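Student: I would like to see how this sequence folds:
(one chain, ligands or ions: 1)
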Amino acid sequence: MLARRFLSTSRTLFHENPLGLHRPAVKQPPTIPRAQRGLPKKMPIAGVKHVIAVSSGKGGVGKSTTAVNIALAAAGMKQKVGILDADIFGPSIPSLMNLSGEPNLTEKGDRLIPLQNYGVKCMSMGFLVDKEAPIVWRGLMVMKALQQLLHEVDWGRLDLLVIDMPPGTGDVQLTISQQVVVDGAVVISTPQDIALIDAVKGVNMFKKVNVPILGMVQNMSLFICPNCNHESHIFGHDGAARMAEKMEIPFLGEVPLHADICKLSDSGTPIVISQPDGQFAAHYKEIASRLLDQLSSNDPKLK
Ligand SMILES: Nc1ncnc2c1ncn2[C@@H]1O[C@H](COP(=O)(O)OP(=O)(O)OP(=O)(O)O)[C@@H](O)[C@H]1O
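Tutor: All right, here's what the predicted structure looks like:
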């Protein structure tokens, strides 16, 4: 109850004070500091050491599944990890992390306390609205909700916050990239051309807003038949790896397409938790370890 009331109070506040978004756009040369160009200052997320944005150009390529399994793999490497579900309209984290219920507020009533499962703290719009109610909001409302998810959550101390971005290159992605100090973005793509075209747009968006690209992950790279273990490249071969090479960004690894990954993740027991020593968890662990290595080059604590 409390958290929902929190959200609706902020709705009222928001309409009275709409974040200065109506300032006239003044085109300035890029050398002028952000604040002087009328752009909001990039803010760190309180208590969080590293923030990565997991994104995809297209929906349905396995971004949330990958984000969750990477986060869980990193948590297994003694990192304090959180997941922020930034998909306001289609939050998947509650199901994937098998969490439900409404977050409590801090004693002062000014911050949401994340829910936790498998040792990972989670915050999602899905905790704040009824599961089956559609979110029918205009852009400004979405932006306010996003601000709250970004800056009004009490994460405690985290080594890593994984932001599960909505697909595409819209308002939410831009806002996060421009207003939050993000260490880097991970772009998930399947190998087929149609997904890669959009993945390239995603990479270019992050480059444009000066968010480093930590790398690309190729999901559903190889289909392994659950009955006979026959392997086939139904979505093409190595498309994302080749694209990463062409764009001169790191290739972080690949994850095969397998019914177990789908079934277990969708039922709230991601494969890194349900089959921690299996071949599929190994792929996610490898990707997480490459990411932590990249982040550690700037942070002695993670070494
Ligand atoms: N490697 C994989 N093997 C089998 N199934 C997978 C794999 N990765 C993801 N899936 C399944 O594909 C479906 C879509 O995955 P997911 O929800 O993670 O995609 P998404 O890119 O986050 O989608 P959206 O952006 O629309 O929220 C889910 O049912 C998920 O279990």
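Student: and the stretch 1-150 of the chain, which residues reach the ligand?
Tutor: Contact residues, the stretch 1-150 of the chain versus the ligand (Cβ under 6 Å from any ligand atom): Ser56, Gly59, Gly60, Val61, Gly62, Lys63, Ser64, Thr65, Asp87, Gly90, Ser92. (Glycine included, C-beta is placed from N, CA and C.)
Student: Of those, which belong to strands?
Tutor: Residues of these located in strands (DSSP state E): none.
Student: And Lys131, how close does it get to Tyr118?
Tutor: From Lys131 across to Tyr118, the span is 21 Å (Cβ to Cβ, to the nearest Å).
Student: Compare these two and say which one has the larger neighbour count.
Tutor: Neighbour comparison, Lys131 and Tyr118: the larger count goes to Tyr118, with 19 against 10 (by other Cβ atoms under 10 Å).
Student: where do the strands sit along the protein?
Tutor: Under DSSP E, the chain gives strands at 48-55, 81-85, 115-117, 120-124, 158-164, 184-189, 213-224, 231-232, 251-257.
Student: How about the fifth one and the ligand, touching?
Tutor: No - contact check for strand 158-164 against the ligand, using Cβ under 6 Å from any ligand atom: none in range, with a minimum separation of 7.1 Å.
Student: Looks like Val48 contacts Val81 (just checking).
Tutor: No - applying Cβ atoms under 8 Å, one finds Val48 not in contact with Val81, separated by 10.1 Å.
Student: what residues does the stretch 151-300 of the chain put near the ligand?
Tutor: Pro167, Asn219, Met220, Val255, Leu257, His258, Ile261, Cys262, Ser265, Asp266.
Student: what would the strands of the chain look like in a markdown table with distance to Phe280?
Tutor: Below are these laid out as a markdown table (distance: least, Cβ to Cβ, whole Å):
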| stretch | distance to Phe280 |
| --- | --- |
| strand 48-55 | 18 |
| strand 81-85 | 19 |
| strand 115-117 | 20 |
| strand 120-124 | 18 |
| strand 158-164 | 18 |
| strand 184-189 | 15 |
| strand 213-224 | 9 |
| strand 231-232 | 14 |
| strand 251-257 | 7 |
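Student: Compare the mean pLDDT across these and name the weakest.
Tutor: Among the strands of the chain, strand 231-232 has the lowest mean pLDDT, at a mean of 84.
Student: coming back round to it: anything in contact with each of Val48 and Val81?
Tutor: Residues touching both Val48 and Val81 (Cβ atoms under 8 Å, 6 or more residues apart in numbering) are Leu158, Leu160, Leu161.
Student: wait, what's in contact with the last one?
Tutor: By Cβ under 8 Å, 6+ apart, Leu161 lies in contact with Ile45, Val48, His50, Val51, Ile52, Val81, Gly82, Ile83, Leu84, Trp155.
Student: farthest pair in these?
Tutor: Ile52 and Trp155 (14.2 Å; Cβ to Cβ).
Student: List only buried entries from the residues of the stretch 151-300 of the chain next to the ligand.
Tutor: Pro167, Asn219, Met220, Val255, Leu257, His258, Ile261, Ser265 (16 or more other Cβ atoms under 10 Å).
Student: which one of the shared contacts of Val48 and Val81 is nearest the ligand?
Tutor: Leu161 (17.3 Å; Cβ to the nearest ligand atom).
Student: Okay then, goodbye and thanks.
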